[in-house]
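J.: have a look at this prediction, sequence included:
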Amino acid sequence: PAMDKPKREAILDLSKYVNTRIRVKFMGGREVTGILKGYDQLLNLVLDDVEEVVELPKPHTRILGLAVLRGPTITIISPVDGFEEIANPFAAQE
Amino acid sequence: ILPLELIDRCIGSRIWAVMKNEREFTGTLAGFDDFVNMVLEDVGAFSGIKKTSLAQTLLNGNNICVLIPGSSGPDGA
C-alpha cells in the first residue's frame, strides 16, 4: 500500500482507469477485459472480473476472475467504454 | 493493490499461469523472483486439451501473460 509518488515516469496515467473496465491485448494475440484494481511502474496490472476473449475454435469468452497481468507481454491497453468496431477501411472494394 | 504483492500472497496456494501461446500451467506456488520466473509444485501442464503432470518445475516468466491466484486451472479439477 505505497503512496503514489507525485512524479510519474509512466506515459499512461493508469490511476484514471482504476475501477473501470479496460481491454488489454498481449503479445501472441491474447485479449482480455477486466476492471483495473491495481498496477505498478513495470505495467503489471491487477484486474478483477477478468474475461478472456477467445477466437478459436469459435469466438467465446471464458471467465478468469481476479488476475495479475504481466507488463512485459502487454501490447495495448484501452478503455472498454467508448470503443466501437468500424468497417475495415483497408478491405479491397469488389 | 500491487500486482507483485498479490502474487506474493499466493505463495503456498494454487496458481494458474496462462502463457502467450496456447499453453497453461497450474501448480502450488513455492516462490518467484523479480522477473516473475516461478517455482511450482504438483504441476499440471496444458497444451490445448492435452495435460501432463510434473513434480517441481521452474517456469520461465518470459512468456507469462496472465496469473490467476487460487485457481485450479482450465479444467477446474
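T.: Everything's here; your move.
J.: spell out whether the helix or strand bottoming out on mean pLDDT in chain A and chain B are in contact.
T.: Least confident helix or strand of chain A, by mean pLDDT, DSSP states H and E, is strand A:60-69 with a mean of 92. Yes - Strand A:60-69 reaches chain B (Cβ under 8 Å from any Cβ of the partner chain) through A:64-69. Where C-beta positions appear, they are placed from N, C-alpha and C, glycine not excepted.
J.: now residue B:5: phi and psi?
T.: Backbone torsions for residue B:5, taken as degrees, to the nearest 10, come to phi -70, psi -40.
J.: same check on residue A:33?
T.: Main-chain dihedrals, residue A:33, degrees, to the nearest 10: phi -130, psi 150.
J.: who's in contact with it?
T.: Residue A:33 makes contact with A:21-24, A:50-51, A:53, A:80 under the criterion Cβ atoms under 8 Å, 6 or more residues apart in numbering or on different chains.
J.: just to revisit the earlier point, which two of the residues of strand A:60-69 next to chain B have the greatest separation?
T.: Among those, the pair separated by the greatest distance (Cβ to Cβ) is A:65 and A:69, at 12.7 Å.
J.: of those two, give the one with the bigger neighbour count.
T.: Using other Cβ atoms under 10 Å in any protein chain shown as the criterion, residue A:65 and residue A:69 rank with residue A:69 on top: 27 against 15.
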